[in-house]
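In: Have a look; sequence and predicted model below, questions after that.
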Amino acid sequence: MKLGAFSISLAVKDLQISREFYEKLGFAVFAGSMDKNYFIMKNEDSLIGLFQGMFEDNILTFNPGWNQDAKTLSSFDDVRDIQKDLKNHGVKLETEADQNSKGAASIVLKDPDGNVILIDQHV
């Protein structure tokens with residue numbers, strides 16, 4: 001199963017303070033803005049999403065179809081195929097993608113400890 005680019009999406013209290021903190025760790029803004037209430041920050045191949053007021057908990061995020069530079073991959077496992085495989089393995093999904101759709105879609109599941117996992121396909 002190819003899950004694509006990986007990042008951690010952090011629910012932050014103050015977007016600017018969090019941005020400044022991660023810049024001290026060598027991260028630079030890759031996408032997003034203050035007026036959109038999020039930044040995607042990058043340090044080499046490591047990605048961190050900082051989100052203010054968008055969700056309560058931190059989320060493990062995978063992007064099928066993208067590499068770590070948000071470039072579209074020529075070959076990848078579609079989120080609907082990943083969904084089907086997970087369901088065949090008895091994994092409970094919190095939200096599902098429409099199996100009859102194409103292109104962008106997402107699914108959400110939780111690991112055994114309640115950590116939220118978002119598989120979010122943009123292509």
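Out: Structure received. Note that the structure is a prediction, hence the values are computed from the model and not measured.
In: Could you check how far Phe51 is from Asp35?
Out: As judged by CB to CB, to the nearest Å, Phe51 and Asp35 stand 14 Å apart. Where you see a C-beta, it was placed from the backbone N, CA and C, and this is true even at glycine.
In: same check, this time on Asn67
Out: Taken as CB to CB, the span from Asn67 to Asp35 is 27 Å.
In: So between those two, which is more surrounded?
Out: Taking neighbours as other CB atoms under 10 Å, Asn67 and Asp35 compare with Asn67 leading, 13 against 6.
In: What's the separation between that one and Ser46?
Out: Remark: distance between Asn67 and Ser46 (CB to CB) = 13 Å.
In: One more: Asn63?
Out: Applying CB to CB, one obtains 14 Å for the distance of Asn63 from Ser46.
In: So between those two, which is more surrounded?
Out: Summary of the neighbour comparison: Asn63 and Ser46, criterion other CB under 10 Å, with Asn63 having more neighbours (24 against 14).
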